[in-house]
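Asks: 3D, please:
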Amino acid sequence: MALRNIVKKGDECLNKKCREVTDFNSRLHKLLDDMRETLIESNGVGLAAPQVGILRRAVLVMDTNNDDEIIELINPEIIETDGEQEGPEGCLSVPGVWGIVKRPEYVKVKAQDRDGEWFEVDGEGLTARCFCHEIDHLSGILFDTRAERILTPEEMAELSAAEDDEEYEEYEEYEEE
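Replies: Down below sits the predicted model:
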């Protein structure tokens with residue numbers, strides 16, 4: 001496995017539509033393994049092949065509802081959605097920028113695994129948001145084009161402080177047990 005470079009906004013591959021994966025071979029497996037290592041190293045929650053310069057329909061999504069398991073989705077399609085959530089969203093390819101984006105609260109995806117077998121997977125909350133965000137990458141869509149507005153640095157600082165407070169409160173509750 002190897003770390004891949006994450007391409008940044010401005011690189012034309014982020015605006016192109018990806019091609020379907022048709023060969024489920026060792027090259028695909030290496031790409032997925034490299035993407036997994038890159039995702040973990042970057043502390044992200046999702047990564048799409050075009051973000052590492054590969055125009056193929058492959059994404060990884062951290063299943064935040066299931067012990068942060070990483071789900072590999074090849075040729076994914078959203079087949080069902082429900083509800084709505086609105087919240088801050090960022091991207092490894094657009095570092096330091098966050099925007100308020102509306103996404104479904106629940107998403108079901110049909111995809112193939114690394115060996116070409118079809119399966120369905122669903123997610124809620126952050127996992128649903130990640131499914132949508134990463135699948136958008138496969139059509140050349142970046143989150144900032146879907147954002148209702150981009151957060152200011154001051155709003156980001158407030159959001160970060162609120163997250164730190166939540167983590168501290170969770171830590172205190174753990175210590176009390």
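Asks: List the backbone torsions phi and psi for Asp23.
Replies: phi -110, psi 110 (degrees, to the nearest 10).
Asks: What of Asp144?
Replies: Dihedral angles for Asp144 - degrees, to the nearest 10 - are phi -70, psi -20.
Asks: Next, count neighbours for it.
Replies: 16 (other Cβ atoms under 10 Å). (C-beta placed from N, C-alpha, C; glycine too.)
Asks: That one reaches Val97, doesn't it?
Replies: Yes: between Asp144 and Val97 there is a contact at 6.3 Å, judged by Cβ atoms under 8 Å.
Asks: what sits in contact with each of the two?
Replies: By Cβ atoms under 8 Å, 6 or more residues apart in numbering, Asp144 and Val97 have these common neighbours: 91, 150.
Asks: Buried residues, stretch 86-101. List them.
Replies: Within stretch 86-101, the residues that qualify as buried by neighbour count (16 or more other Cβ atoms under 10 Å) are 89-94, 97-99, 101.
Asks: what does stretch 29-40 give?
Replies: Using 16+ other Cβ under 10 Å as the test for burial, stretch 29-40 gives 31-32, 34-35, 38-39.
Asks: Kindly report the same for stretch 72-87.
Replies: Neighbour counts over stretch 72-87 (16+ other Cβ under 10 Å) mark 72-76, 78, 81 as buried.
Asks: Tell me which of these fall in strands.
Replies: Using DSSP state E, the subset of those located in strands is 72-76, 78, 81.
Asks: about what we covered before: okay if I get the buried residues of stretch 29-40 as TSV plus distance to Leu126, secondary structure and pLDDT?
Replies: What follows is those, written out as TSV (distance: Cβ to Cβ, whole Å; DSSP: H, G, I helix; E, B strand; the rest coil; pLDDT from 0 to 100):
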residue	distance to Leu126	secondary structure	pLDDT
Leu31	24	helix	98
Leu32	21	helix	98
Asp34	24	helix	98
Met35	19	helix	98
Thr38	19	helix	97
Leu39	14	helix	96
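Asks: Identify, from these, the entry nearest to Ile6.
Replies: Relative to Ile6, the closest of these is Thr38; by Cβ to Cβ it sits at 6.8 Å.
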